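A.B. asks: next one to model:
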Amino acid sequence: MPPFTVTNDLRYTLAMPTPLSRRTLLASTLTLPLAAQTAAPRREPLRIVSLTPFDPDEVKQLQAASAVPLEIEVVKRAELRAKLPETEVLYGDVPGKELDFAPKLKWIQTGAAGVEWMDEEFRKSPVPVTNMARVFAPGIAETGMGLLLALTRRIGTDYARQTMRREWKTIGTVRSADHIELAGRTMAVIGLGGIGYEVARRAHFGFDMRVIATDARPMPRPHFVAELRDPSWFPEIVKQADVVVAAAPHTPQTNRMFNEPVFRSMKKTAYFIALSRGGLIDDMALVRALKEGWIAGAGLDVFPQEPIPSNHPIWDCQNVVITPHTSGWGEERQRRLVAFFAENIRRYTRALPLLNVVDKQAGY
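C.D. replies: The predicted structure follows:
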């Protein structure tokens with residue numbers, strides 16, 4: 001029996017019928033230079049420098065995964081440059097300008113799914129980066145559906161405000177459109193990666209919704225997605241949807257993609273759910289869309305400015321539900337994160353391809 005159990009954890013993490021996601025499969029052949037992939041398993045001890053502390057039990061799990069003695073050294077960011085000359089593996093991130101101080105750096109495991117921190121200088125470097133894509137997706141997807149229900153059933157808007165006022169007051173009538181059922185309605189998922197996949201799966205199987213989607217990478221269409229196309233379909237897909245979910249990574253191509261023309265093109269009865277990155281949103285266009293009735297409402301776990309300033313007009317909108325970028329939080333998330341890092345340590349110390357290698361030019 002291996003020193004730690006990872007297979008089932010990873011299958012649950014990816015929440016797919018097969019152990020590996022499409023991005024994992026794509027990445028597994030691109031992880032390390034060919035020489036490293038064909039090298040013999042490591043023999044010398046490994047020290048990983050981490051910008052994030054791990055609990056003692058988590059450290060033991062990481063050490064058990066390694067084929068060689070492993071030390072985790074936690075440092076503050078201000079101390080990182082002094083450690084870089086001898087750092088082989090980093091858990092965290094580092095700007096490109098610091099790479100001159102890190103001649104031995106061979107691998108960065110980031111603790112997040114997004115990699116916006118990569119600047120142009122770093123993108124040009126040969127240092128591979130692996131991310132936490134899909135690790136946080138289950139909680140984020142559940143939050144997304146919760147935000148949607150809070151809007152369609154008015155739980156997080158009118159009834160939440162009434163609860164604070166100790167009021168019992170119905171909205172609309174038994175036959176009016178003030179309360180919306182999701183079954184049979186169309187959800188457009190923009191970005192069918194980890195988050196988008198899990199939202200789409202829940203929407204279809206849990207709520208009988210018709211799901212359509214876009215994604216930048218060629219992939220087989222999941223059987224629960226009615227139609228999947230490349231991002232050029234974006235201007236048209238948003239017009240068809242009753243719910244639009246922002247689940248794409250933040251890149252130069254997706255920056256502020258949800259802007260005034262997009263919100264104006266959506267159905268007036270449609271809902272907007274933002275789950276991946278706030279940089280996808282033109283916040284003032286969203287405020288106008290909510291206040292002027294271009295769309296019915298918005299559920300936001302991410303926003304261009306975080307934390308949102310107390311004087312931002314988004315707080316004045318009556319048809320918005322906001323969570324403070326906590327959709328990926330939870331005990332289960334942390335267990336999956338540590339299990340995933342452990343699996344990559346196991347692979348690294350055995351000269352095997354790593355999982356979730358980032359395409360640095362694409363930005364995800």
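A.B. asks: burial measure for the closest residue to R77 other than its chain neighbours, as a count.
C.D. replies: Spatially, and ignoring its direct neighbours in sequence, R77 is nearest to L51 (6.1 Å; Cβ to Cβ, 6 or more residues apart in numbering). Any C-beta I mention is one placed from the backbone N, CA and C, and that applies to glycine too. Applying other Cβ atoms under 10 Å, we find 17 residues neighbouring L51.
A.B. asks: contacting residues for L51?
C.D. replies: The neighbours of L51, taking Cβ atoms under 8 Å, 6 or more residues apart in numbering as the test, are 74-77, 80, 90-93.
A.B. asks: now do F272
C.D. replies: Applying Cβ under 8 Å, 6+ apart to F272 gives the contacts 243-244, 246, 258, 263, 266, 286, 289, 295, 297-299.
A.B. asks: among the contacts of L51, name the ones in strands.
C.D. replies: Applying DSSP state E to the contacts of L51, the entries found in strands are 74, 90-91.
A.B. asks: turn those residues into CSV, including neighbour count and distance to T186.
C.D. replies: Output for the ones in strands among the contacts of L51, formatted as CSV (neighbours: other Cβ atoms under 10 Å; distance: Cβ to Cβ, whole Å):
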residue, neighbour count, distance to T186
V74, 15, 47
L90, 24, 43
Y91, 21, 41
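A.B. asks: quick one: I237 and V211 touch, right?
C.D. replies: No: with contact defined as Cβ atoms under 8 Å, I237 does not count as touching V211 (11.0 Å).
A.B. asks: for the two, indicate the residue with more neighbours.
C.D. replies: Taking neighbours as other Cβ under 10 Å, I237 and V211 compare with V211 leading, 27 against 20.
A.B. asks: surely that one is in a strand?
C.D. replies: Yes: V211 forms part of a strand when assessed by DSSP: H, G, I helix; E, B strand; the rest coil.
A.B. asks: that one and M187 touch, don't they?
C.D. replies: Yes: the criterion here is Cβ under 8 Å, and V211 meets it with M187 at 5.1 Å.
A.B. asks: mutual contacts of the two, please.
C.D. replies: Joint contacts of V211 and M187 (Cβ under 8 Å, 6+ apart) are 200, 203.
A.B. asks: what mean pLDDT does stretch 261-272 get?
C.D. replies: The average pLDDT within stretch 261-272 is 98.
A.B. asks: please write out the alpha-carbon positions of that stretch in PDB.
C.D. replies: Extracted in PDB, the C-alpha atoms of stretch 261-272 (Å, rounded to 0.1, in the frame of the first residue of the first chain):
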ATOM      1  CA  PRO A 261     -22.500  45.400 -25.400                       C
ATOM      2  CA  VAL A 262     -22.600  42.000 -23.800                       C
ATOM      3  CA  PHE A 263     -24.900  42.900 -21.000                       C
ATOM      4  CA  ARG A 264     -27.200  44.800 -23.400                       C
ATOM      5  CA  SER A 265     -27.300  41.800 -25.600                       C
ATOM      6  CA  MET A 266     -28.500  39.400 -22.900                       C
ATOM      7  CA  LYS A 267     -32.100  38.700 -22.200                       C
ATOM      8  CA  LYS A 268     -33.700  41.100 -19.800                       C
ATOM      9  CA  THR A 269     -34.800  38.100 -17.800                       C
ATOM     10  CA  ALA A 270     -31.300  36.600 -17.700                       C
ATOM     11  CA  TYR A 271     -29.000  36.200 -14.700                       C
ATOM     12  CA  PHE A 272     -25.200  36.700 -14.600                       C
END
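A.B. asks: list the contacts for I155?
C.D. replies: Shown in contact with I155 (Cβ under 8 Å, 6+ apart): L149.
A.B. asks: give me the number of residues near the closest residue in space to G172 that isn't next to it in sequence?
C.D. replies: The shortest distance from G172 to any non-neighbouring residue, by Cβ to Cβ, 6+ apart, is to D178 (2.9 Å). Burial of D178 is recorded as 14 neighbouring residues (other Cβ under 10 Å).
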